[in-house]
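I'll drop the sequence and a predicted model, then ask my questions.
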Amino acid sequence: MANAVETMKNMSKKEITRVFLLQNGLLILLGIGIIFISTGILNWMGQLRFDWVSVFLGVALACVFGGLNAWLDRLLPERLTDDGGLNRLIFRNRKPLDIFLLCCLIGVTEEFIFRGIIQVYFGFWASMILFVLVHFRYLNKGYLLFNVIITSIIIAGLFQFSNQNLIAVIMFHIVFNFIGALDMRNRYQNEGGVARG
């Protein structure tokens with residue numbers, strides 16, 4: 001983890017964005033391959049239905065838990081909330097629109113994989129555990145691990161509650177991440193101007 005942060009310190013904003021695009025693009029291609037092999041894209045696309053109630057519930061939950069998460073991040077000592085500096089590197093010097101687009105990319109990709117494939121085929125617990133393990137940089141930080149576990153349970157539960165509505169969990173993930181990322185950007189900006197735009 002320390003090596004990843006050190007490597008990213010030497011990268012430009014464009015290079016960091018390219019890494020995110022490549023990583024998420026590969027995940028999407030892997031997911032599409034799994035879908036084609038298992039059920040076919042047309043059967044799977046039934047999960048991409050727009051249901052106002054489910055989407056509203058996803059956005060409302062994201063606002064509540066995202067706001068609570070941002071408040072706790074400001075309240076708790078930085079030693080509990082710091083992920084080793086990776087989030088600071090990703091979100092510093094980014095405009096809100098850039099942050100929103102990154103959150104869209106991450107939300108779509110992760111929910112496509114974890115809920116749209118893993119939870120559908122392997123169940124609630126598999127999607128939750130794998131989601132936590134993918135966020136491995138939080139595994140040695142008690143508060144951050146607790147946070148990602150609770151978030152994973154909420155997202156997996158929303159997916160079940162919404163009759164496997166992928167759009168509802170994608171909206172939750174995007175809004176939740178955007179609230180947290182924007183709060184981080186604003187805190188870094190207030191700590192000495194590292195975030196601008």
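Perfect, thanks for sending it.

neighbours of the closest residue to Ser127 other than its chain neighbours, just the number please.
Residue nearest to Ser127 in three dimensions, not counting chain neighbours: Gln119, with 3.6 Å by Cβ to Cβ, 6 or more residues apart in numbering. Yep, even glycine has a C-beta here, placed from its N, CA and C like the rest. Look at Gln119: counted by other Cβ atoms under 10 Å, it has 25 neighbours.

Now Gln119: phi and psi?
phi -70, psi -40 (degrees, to the nearest 10).

OK, contacts around it?
By Cβ atoms under 8 Å, 6 or more residues apart in numbering, Gln119 lies in contact with Ala126, Ser127, Ala156, Phe159, Gln164.

Give the burial count for the fourth one, as a bare number.
Looking back up the chat, that one is Phe159. 26.

where does it sit relative to Ala168, distance-wise?
7 Å (Cβ to Cβ, to the nearest Å).

Identify the residues contacting stretch 143-153?
65, 69, 76, 80-81, 83, 127-128, 131-132, 135, 137-139, 176.

among the residues you listed, which ones are buried?
Phe65, Asn69, Thr81, Ser127, Met128, Phe131, Val132, His135, Arg137, Tyr138, Phe176 (16 or more other Cβ atoms under 10 Å).

Serialize these to JSON lines and add fields for pLDDT, distance to Asn93 and secondary structure.
Output for these, formatted as JSON lines (pLDDT from 0 to 100; distance: Cβ to Cβ, whole Å; DSSP: H, G, I helix; E, B strand; the rest coil):
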{"residue": "Phe65", "pLDDT": "95", "distance to Asn93": "27", "secondary structure": "helix"}
{"residue": "Asn69", "pLDDT": "91", "distance to Asn93": "23", "secondary structure": "helix"}
{"residue": "Thr81", "pLDDT": "82", "distance to Asn93": "20", "secondary structure": "helix"}
{"residue": "Ser127", "pLDDT": "88", "distance to Asn93": "33", "secondary structure": "helix"}
{"residue": "Met128", "pLDDT": "89", "distance to Asn93": "33", "secondary structure": "helix"}
{"residue": "Phe131", "pLDDT": "86", "distance to Asn93": "28", "secondary structure": "helix"}
{"residue": "Val132", "pLDDT": "85", "distance to Asn93": "29", "secondary structure": "helix"}
{"residue": "His135", "pLDDT": "79", "distance to Asn93": "23", "secondary structure": "coil"}
{"residue": "Arg137", "pLDDT": "73", "distance to Asn93": "21", "secondary structure": "helix"}
{"residue": "Tyr138", "pLDDT": "77", "distance to Asn93": "23", "secondary structure": "helix"}
{"residue": "Phe176", "pLDDT": "96", "distance to Asn93": "22", "secondary structure": "helix"}
